[in-house]
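> Please find the sequence and the predicted model below.
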Amino acid sequence: MTKKVVVVGGGWAGSAAALAARKAGCEVELFERTDMLLGTGLVGGIMRNNGRFTATEEMTALGGGDLFKIADAEARHTNVEFPGHKHVTLYDVARIEPAVRRALIDAGVTVHLHARVKEIEKEGDKITKVIADNGHGEKDIVAEGDVFVDASGTAGPQGNCMKYGNGCAMCIYRCPTFGPRLSIAARAGVSEILGLKGDGTVGAMSGSCKLHKDSLSKDIVEKLDKTGVAIIPIPEHLRKSVKSLSEKCCQQYALIEFAENIILLDTGHAKLMTSYYPLEVLRQVPGFENARFEDPYAGGIGNSMRYLGMLPRNDALKVEGLANVFCGGEKAGLLVGHTEAIVTGTLAGHNAARTALGLEPLVLPRTLAVGDAIAYVREAMQHKEGLTKKYTFSGSVYFEHMKKQNLYTLDLDAIRDRVEKAGLTGVFARSLA
């Protein structure tokens with residue numbers, strides 16, 4: 001009898017989990033509350049920068065490189081450099097979601113869009129089914145499962161942005177339209193974990209905004225189209241402090257260069273590498289006289305608040321207190337970025353399938369950057385100070401640790417060799433059924 005894995009949340013992590021569980025041989029249903037997959041991936045666009053290159057190639061050698069290949073195929077620019085970041089790939093945020101959706105459907109994943117999970121049923125320490133609204137006005141969708149993956153994210157509902165941020169900024173999560181996220185693990189009784197800013201207050205503001213390229217000067221647009229990057233000095237009296245940049249979840253960008261310059265990346269829109277800029281201030285910078293925000297639409301007042309709903313888990317990404325629930329993406333801890341979401345989502349989906357099929361979950365060894373990061377973040381989050389930091393392959397705390405452990409490399413042969421030495425070459429590509 002075929003075993004079923006149910007994935008809640010269709011961001012990068014949920015999409016990766018669904019693919020991994022399907023490749024392992026399980027039937028898979030994925031529920032996404034909005035009308036598109038990928039979540040912040042719809043406005044993100046950065047891959048392969050710094051240690052993310054290593055993590056990407058490790059995952060490819062492990063057999064979990066499907067989504068990275070799609071991002072490479074939809075790249076607008078490759079091998080880009082900007083302050084603090086090398087060998088960057090910038091994918092097209094307009095083209096990436098349909099490509100990922102096709103890949104999931106072609107793999108045999110049943111994808112439910114505009115289907116917000118609102119309730120669960122549980123027996124003992126196991127979730128048995130989820131119940132979701134049907135956004136098309138029809139009756140609820142009910143899905144039974146053997147194992148579940150909670151990839152519901154940590155941003156939203158709208159009230160959290162009102163309480164911990166600067167108000168609803170009308171971001172890509174679109175809570176007023178599609179409703180708040182729901183963590184199935186939390187609904188089953190697991191206490192979610194709150195991330196903290198450096199000053200001890202709750203949450204972290206999302207890391208960047210998008211500007212409409214046609215609202216920028218011709219010179220800026222031409223530079224973006226040609227090189228993928230535009231760096232525009234900010235008049236001194238308009239500059240942000242480095243301290244204000246540290247409020248972002250993406251602390252790898254809390255560098256002096258991002259305080260003294262507006263740094264834009266071409267992802268289809270112009271990616272503004274700061275959480276927000278008051279519009280009346282931004283328009284005083286030469287070249288930005290007509291600037292308009294595309295995400296969030298009210299990006300002049302702020303951005304979405306994140307890391308308000310993480311889950312306690314082990315290094316196999318099984319949620320503590322539940323026998324048949326795994327987690328990926330931001331649910332798995334203070335890991336920031338698309339690459340990090342794909343890594344954790346893939347492991348969560350694979351282990352969900354292993355559990356459904358009666359096999360022991362896989363723990364990635366710390367000889368691999370992807371395994372080390374998962375363990376490192378879990379350990380760090382056991383302490384209050386660790387909850388004030390954010391972790392990523394691309395910079396700041398974890399990238400420095402990664403380099404000290406000699407895990408960062410661009411040598412493809414060396415990466416494949418260490419995956420082979422771990423006995424894990426192609427592990428995510430094999431059917432276990």
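Sure thing, it's come through. Numbers count the residues shown, from 1 in each chain.
> What are the boundaries of the strands in the stretch 201-350 of the chain?
For the stretch 201-350 of the chain, the strands defined by DSSP state E, counting those that start in this stretch occupy 204-205, 209-211, 229-233, 261-266, 270-272, 293-295, 305-306, 325-327.
> most packed of the ones you listed?
strand 325-327 (a mean of 34; mean count of other CB atoms under 10 Å). All C-beta atoms are positioned from the backbone trio N, CA, C, and that covers glycine.
> what mean pLDDT does it have?
Averaging pLDDT along strand 325-327 yields 98.
> on contacts alone, who are the packing partners of that strand?
strand 147-150, helix 184-187, helix 338-356 (3 or more CB pairs under 8 Å, 6 or more residues apart in numbering; DSSP states H and E).
> repeat that for 10 Å
Counting contacts by 3 or more CB pairs under 10 Å, 6 or more residues apart in numbering; DSSP states H and E, strand 325-327 is packed against strand 4-8, helix 12-23, strand 147-150, helix 184-187, helix 338-356.
> show me where pLDDT drops low in the chain?
Within the chain, the stretches with pLDDT under 70 are 240-255.
> domains for it, by residue range?
Taking automatic domain parsing as the reference, the chain has its domains at 4-199+306-429, 207-303.
> what's near enough to touch the most far-flung residue of the chain relative to its centre?
Most distant residue from the mean C-alpha position of the chain: His237, 34.2 Å away (CA atoms, centre = their mean). Applying CB atoms under 10 Å, 6 or more residues apart in numbering to His237 gives the contacts Val281, Gln284.
> What is the neighbour count of Ser215?
17 (other CB atoms under 10 Å).
> and what of Gly329?
For Gly329, the count of nearby residues is 33 (other CB under 10 Å).
> what's near enough to touch it?
Per CB under 10 Å, 6+ apart, neighbours of Gly329: 9, 11-17, 39-40, 149-154, 310, 335, 337-338, 340-345, 348.
> So what would you say the end-to-end distance of stretch 206-220 is?
Start and end residues of stretch 206-220 are separated by 24 Å (CA to CA, to the nearest Å).
> Enumerate the positions of that stretch that are buried.
Residues of stretch 206-220 classed as buried: Ser206, Gly207, Ser208, Cys209, Lys210, Leu211, Lys213, Ser215, Leu216, Ser217, Ile220 (neighbour count, 16 or more other CB atoms under 10 Å).
> ok, now how distant is Leu216 from Val100?
28 Å (CB to CB, to the nearest Å).
> likewise Ala71?
Counting by CB to CB - Ala71 and Val100 are separated by 9 Å.
> okay, these two: which has more neighbours?
Neighbours were tallied for Ala71 and for Val100 using other CB under 10 Å; the higher tally belongs to Ala71 (27 against 24).
> I'd guessed the more buried one sits against Ile96; true?
Yes. If you go by CB atoms under 10 Å, Ala71 and Ile96 touch, sitting 6.7 Å apart.
> Can you check which residues contact both of the two?
The contact sets of Ala71 and Ile96 overlap at Trp12, Gly41, Gly44, Gly45, His338 (CB under 10 Å, 6+ apart).
> Specify which member of these is nearest to Thr89.
Nearest to Thr89 among the shared contacts of Ala71 and Ile96: Gly45, at 8.9 Å, using CB to CB.
> For the closest one, grab the count of nearby residues.
Neighbours of Gly45 using other CB under 10 Å come to 28.
> Give me the spatial nearest neighbour of it, chain neighbours excluded.
Thr267 (3.1 Å; CB to CB, 6 or more residues apart in numbering).
> Share the number of residues neighbouring that neighbour, please.
So Thr267, with other CB under 10 Å, has 25 neighbours.
> how much space between it and Ala75?
The value you get for Thr267 to Ala75, if CB to CB is used, is 10 Å.
> tell me, what's touching the two both at once?
Common neighbours of Thr267 and Ala75 (criterion: CB under 10 Å, 6+ apart): Gly45, Leu90, Tyr91, Asp92, Ile96, Gly228.
> ok, so of those residues, who is nearest Ala61?
Using CB to CB, Tyr91 comes nearest to Ala61 of the shared contacts of Thr267 and Ala75, at 21.0 Å.
> which ones are touching Lys331?
Under the criterion of CB under 10 Å, 6+ apart, the neighbours of Lys331 are 8-9, 11, 13-14, 149-154, 181, 183-186, 192-193, 309-311, 313, 317, 319, 325, 341, 344-345, 348.
> swap in Leu113?
Applying CB under 10 Å, 6+ apart, the residues contacting Leu113 are 10, 30-37, 101, 135-136, 178.
> Now restrict those residues to buried residues only.
Gly10, Leu30, Phe31, Glu32, Arg33, Thr34, Met36, Leu37, Arg101, Gly135, Phe178.
> need those in a markdown table with distance to Leu62, can you?
What follows is those, written out as a markdown table (distance: CB to CB, whole Å):
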| residue | distance to Leu62 |
| --- | --- |
| Gly10 | 22 |
| Leu30 | 21 |
| Phe31 | 26 |
| Glu32 | 25 |
| Arg33 | 30 |
| Thr34 | 29 |
| Met36 | 27 |
| Leu37 | 22 |
| Arg101 | 23 |
| Gly135 | 35 |
| Phe178 | 33 |
